[in-house]
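Undergrad: coordinates only, sequence not included:
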DNA sequence: CGGTATCCGCGGGGATACTG
DNA sequence: CAGTATCCCCGCGGATACCG
């Protein structure tokens, strides 16, 4: 992105659409969090589920499948009893994790600031009603 | 984030929830793109609409309002005729833009790789059906 | 244990028409 | 120009039950 510093006509940018499509995918409710959980080491299904917390089996399955389709995670099945499945990041996934961690760090750093803004904004909205 | 390298019990992580809530907000369909468009300079409503391309007035309004509530963008009204409104990033918004641009750059760099993965994954899925 | 299958509600998000 | 107001659809995502 950075959209080569358009001194240009601000007409509809076609590149945006494609980038946006990818961003929508990685920006969905669970994807970023899931990737983060795999950065340090591969994890098993229920291990991931516990770490993330609040995600349903189905959504974790869907999220992992989408990431697999995009070449972000690998899925290794050990045919033991009980069965065991390990998910890990591919090189592509690892490379994406780098900037994502930056975003995550930013959120942690500014979370209280954002919440303060929201509170005062709502306060203001209430006052306007009277 | 980075979740202080948990040597710990991988029990439900409460921090995740809050971070995830923020991530969901900035990760929605239009927010990242909108912030990107404001990095270089303030922009007017319809100017933004054209630059982003494919967004409806309503969604742009909603997105900008949410960003305003979070203290990410400022809204300046010039009571001219016709009316004129300029949106710009606050310091908070600018600081968020930094890591977001990294993610955007990553997407641009790897978009073809991802699409290739998706294609071959679908191909594989089709084969399995037979 | 690691998944599918099924059902379902809510809200994200588009389209259109209208207003100051 | 820069929004509201309305209507409506689709699919994200949760809950539950079942399968290998």
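TA: On my side now, so go ahead. Worth saying up front: this structure is predicted, and the values here are computed from it rather than measured.

Undergrad: ok, now how distant is the residue nearest to the spatial centre of chain A from residue B:116?
TA: The C-alpha lying nearest the average C-alpha coordinate of chain A belongs to residue A:32 (C-alpha atoms, centre = their mean; 1.8 Å). Separation of residue A:32 from residue B:116 (C-beta to C-beta, to the nearest Å): 22 Å. Backbone N, C-alpha and C define where each C-beta goes, glycine included.

Undergrad: picking up where we left off before, ok, the residue nearest to the centre of chain A touching residue A:100?
TA: Yes - in terms of C-beta atoms under 8 Å, residue A:32 counts as a neighbour of residue A:100; the distance is 5.7 Å.

Undergrad: between those two, which contacts overlap?
TA: residue A:26 (C-beta atoms under 8 Å, 6 or more residues apart in numbering or on different chains).

Undergrad: buried residues in the helix or strand bottoming out on mean pLDDT in chain A?
TA: Least confident helix or strand, chain A: helix A:14-26 with a mean of 80, by mean pLDDT, DSSP states H and E. Judged by neighbour count using 16 or more other C-beta atoms under 10 Å in any protein chain shown, the buried positions of helix A:14-26 are A:16, A:19-20, A:22-26.

Undergrad: which helices and strands does the following helix or strand past it pack with?
TA: Remark: after helix A:14-26, the chain's next helix or strand is helix A:31-38, criterion DSSP states H and E. Helices and strands touching helix A:31-38, as assessed by 3 or more C-beta pairs under 8 Å, 6 or more residues apart in numbering or on different chains; DSSP states H and E, comprise helix A:14-26, helix A:45-52, helix A:57-69, strand A:84-89, helix A:91-129, helix B:14-26.

Undergrad: between those, which one is closest to residue B:79.
TA: Of all the helices and strands packed on helix A:31-38, helix A:91-129 sits nearest to residue B:79, with 18.3 Å by C-beta to C-beta.

Undergrad: buried residues in that closest one, which are they?
TA: A:92-93, A:96-97, A:99-104, A:106-108, A:110, A:114, A:117, A:121.
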